[in-house]
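A.B. asks: Quick one, structure for this:
(one chain, ligands or ions: 2)
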Amino acid sequence: MRLSRYFLPVLKENPSEAQIVSHRLMLRAGMIRQQAAGIYSWLPLGYRVLRRLEQIVHEEQQRAGHIPLLMPTLQSADLWKESGRYDAYGPEMLRIRDRHDRDMLYGPTNEEMITDIFRSHVGSYKDLPLTLYHIQWKFRDEVRPRFGVMRGREFLMKDGYNFDLTKEDALHAYNRHLVSYLRTYERMGLQAIPMRADSGPIGGDDTHEFLVLADTGESEVFYDSRVTDIRLGARDIDYDDKDQCRGVMEEFTALYARTDETHDAGLFEQIPEDRRRVARGIEVGQIFYFGTKYSEPMGALVATPDGERVPVHMGSHGIGVSRLVGALIEANHDDKGIIWPEGVTPFHAGIVNLKQGDADADAACEGLYAALRARGLDPLYDDREERAGAKFATMDLIGLPWRITVGPRGLKAGVVELTSRRTGESEELAPELAVARIAEIYAGL
Ligand code: ATP
Ligand code: MG
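C.D. replies: Ligands and ions are numbered 1, 2, ... in the order given. You can find the predicted model right below:
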């Protein structure tokens, strides 16, 4: 993309309505625009990041054997009356009446709808296990929408639902989700810690929330500092292997890590004092096992091998895709702007032409632009007639992890400058080497 032809409405001033850094930087970098309280347009740069996160979520879900589908945002109230949640859900549910006076709602979640799909099409243990998921907009009429996309009213969520014959199988699905979520967050360059949580209106016995540590997080968290050393890394996971998934889940959850909802001061005190941490965290996902809570009232039954018909065991699992954009910025920024991890960056590298209009500089930039694209990468080329300082400030603000700076003086010596946004370190090297270096960095992502 050439910046002169892109739509990147950056703001020079700090918007006064933004209380936290991610909200401020998303507005300043021209990523979002608020359209109503808690409702945002995703401008091109923000949309690229959102799409990238969706892509990672899809890949990791499908790696775990989960199947994508797409359910609508608007739902009929009838299903919710069957489960008993239509009245229970309260004012967070946006209720709508259509022209025929039918009660509708903008879905805050999809347990009822997926249970309806399941009961209409699946009737035998032979079709199990099954996990279906989608990435779709949700609406929750939050009392206090705030912090930009972190607590919106309309927000994008990946929600997945597992269907299993037995509780044991459903717990495998739970563990599989836990492991695949950890892999998902790690690929985004984030560390999210699974913490035992309260189940809230979804209901159920087992539930873990995934929290990213950040001072601006809304939840108070208590943990053993050792949980932050655990990484899935390049470990080979066989998602069908029950023992392996349980093993990984136990290894992660053996150490104390809880939100204030489930915090147990007595247990916490048993951790050696120098490892006890009290901090704040952002919830970026949650998994639940809730057994037959929906399948029983809604009659989602399956035949067992003995021919008996029993309610299917279920769980639901959510990732806050749009909230993650904010959480990523909370975890990756400095006073100049955003610092995208390579896994989620909207463009792989920026090209800054220090002297637009200079024949050599223009030709070198065009060459770099073409060479990066030929390697399957997406560069953002700042080809505007602007001062170098303004170009650097924009690149720093929007946070691309790598910048290639091209100027007539360097070109005379056959070099361009490659700069890391995170460390600020620069290196002079031949243009082909800069391209090769960047291609290598992204090769495994
Ligand atoms: P919270 O406690 O933050 O209100 P929740 O526990 O009600 O969230 P879940 O039902 O667990 O939310 O939804 C799954 C994920 O969707 C959450 O982990 C969070 O990342 C995201 N999410 C929930 N509510 C919002 C919101 N209002 N804005 C943005 N993302 C949200
Ligand atoms: Mg939750």
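
A.B. asks: count of neighbours near the closest residue to residue 260 other than its chain neighbours?
C.D. replies: With Cβ to Cβ, 6 or more residues apart in numbering as the criterion, residue 260 has its nearest non-adjacent residue at 4.3 Å, and that residue is residue 220. Using the backbone N, CA and C atoms, a C-beta is placed for each residue, glycine as well. Residues lying near residue 220 (other Cβ atoms under 10 Å) number 14.

A.B. asks: Just want the residue of the stretch 101-250 of the chain that's nearest ligand 1.
C.D. replies: In the stretch 101-250 of the chain, the residue that lies nearest ligand 1 is residue 155 (3.5 Å; Cβ to the nearest ligand atom).

A.B. asks: ok, back up a step: need the contact list for the residue nearest to residue 260.
C.D. replies: By Cβ atoms under 8 Å, 6 or more residues apart in numbering, the contact set of residue 220 is 259, 260, 263, 278, 279, 280, 281.

A.B. asks: Am I right that the fifth one is in contact with residue 221?
C.D. replies: Yes: the pair residue 279 / residue 221 is scored as a contact, 5.5 Å apart, by Cβ atoms under 8 Å.

A.B. asks: quick one: which of those two has more around it?
C.D. replies: residue 221 (22 against 17).

A.B. asks: element containing that one, please.
C.D. replies: strand 219-224 (DSSP states H and E).

A.B. asks: Figure out how far that strand is from the centre of its chain.
C.D. replies: Here strand 219-224 shows a centroid-to-chain-centroid distance of 21 Å under the convention Cα atoms, centre = their mean, to the nearest Å.

A.B. asks: how about the helix or strand just after it: buried residues?
C.D. replies: Tracing the chain C-terminally past strand 219-224 and defining elements by DSSP H and E, one meets helix 242-253 next. Residues of helix 242-253 classed as buried by neighbour count (16 or more other Cβ atoms under 10 Å): 244, 245, 246, 248, 249, 252, 253.

A.B. asks: Helix 242-253: what's the following helix or strand?
C.D. replies: Immediately after helix 242-253, counting by DSSP H and E, sits strand 257-259.

A.B. asks: Leaving out sequence neighbours, find the closest residue to residue 124.
C.D. replies: residue 303 (4.9 Å).

A.B. asks: OK, contacts around the residue in the stretch 301-445 of the chain that ligand 1 sits nearest to?
C.D. replies: Here the stretch 301-445 of the chain gets closest to ligand 1 at one residue, residue 320, 2.1 Å apart by Cβ to the nearest ligand atom. By Cβ under 8 Å, 6+ apart, residue 320 lies in contact with 155, 156, 157, 283, 284, 285, 327.

A.B. asks: mind giving me the domain split of this protein?
C.D. replies: The chain breaks down by automatic domain parsing into domains covering 9-337, 347-443.

A.B. asks: would JSON lines of those domains with mean pLDDT be doable?
C.D. replies: Below are the domains of the chain laid out as JSON lines (pLDDT from 0 to 100):
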{"stretch": "domain 9-337", "mean pLDDT": "95"}
{"stretch": "domain 347-443", "mean pLDDT": "97"}
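
A.B. asks: Do a quick rundown of the strands in the stretch 1-150 of the chain.
C.D. replies: 32-36, 39-42, 67-68, 74-76, 94-97, 103-106, 130-139 (DSSP state E, counting those that start in this stretch).

A.B. asks: Backbone dihedrals for the nearest residue to residue 3 once chain neighbours are set aside, please?
C.D. replies: Leaving aside its sequence neighbours, residue 3 sits nearest to residue 382 (Cβ to Cβ, 6+ apart; 4.6 Å). Per-residue torsions, residue 382: phi -80, psi 90 (degrees, to the nearest 10).

A.B. asks: measure residue 382 to residue 262 for me?
C.D. replies: 49 Å (Cβ to Cβ, to the nearest Å).

A.B. asks: Looking at these two, which has the bigger crowd around it?
C.D. replies: residue 382 (26 against 14).

A.B. asks: OK, contacts around residue 230?
C.D. replies: 251, 252, 255.

A.B. asks: redo that, cut-off 6 Å
C.D. replies: residue 252 (Cβ atoms under 6 Å, 6 or more residues apart in numbering).

A.B. asks: and the protein, which of its residues are near ligand 1?
C.D. replies: For the chain, the residues in contact with ligand 1 (Cβ under 6 Å from any ligand atom) are 109, 140, 142, 151-152, 155, 157, 200, 283-286, 318, 320, 322-323.

A.B. asks: ok, the residue nearest to residue 3 touching residue 391?
C.D. replies: Yes: judged on Cβ atoms under 6 Å, residue 382 makes contact with residue 391 at a distance of 4.8 Å.

A.B. asks: any shared contact partners between these two?
C.D. replies: With Cβ under 6 Å, 6+ apart as the test, residue 382 and residue 391 both reach residue 352.

A.B. asks: re the thing from before, and the contacts of residue 220, which two are furthest apart?
C.D. replies: 263 and 280 (13.2 Å; Cβ to Cβ).

A.B. asks: got the residue ranges for the helices in the stretch 301-445 of the chain?
C.D. replies: Secondary structure of the stretch 301-445 of the chain (DSSP state H, counting those that start in this stretch): helices at 321-331, 359-374, 388-398, 408-412, 431-443.

A.B. asks: on that earlier part again, please spell out the PyMOL selection for the buried subset of the residues of the chain next to ligand 1.
C.D. replies: Selection of buried members from the residues of the chain next to ligand 1 for PyMOL, criterion 16+ other Cβ under 10 Å:
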select buried, resi 109+140+151+152+155+157+283+284+285+286+318+320+322+323
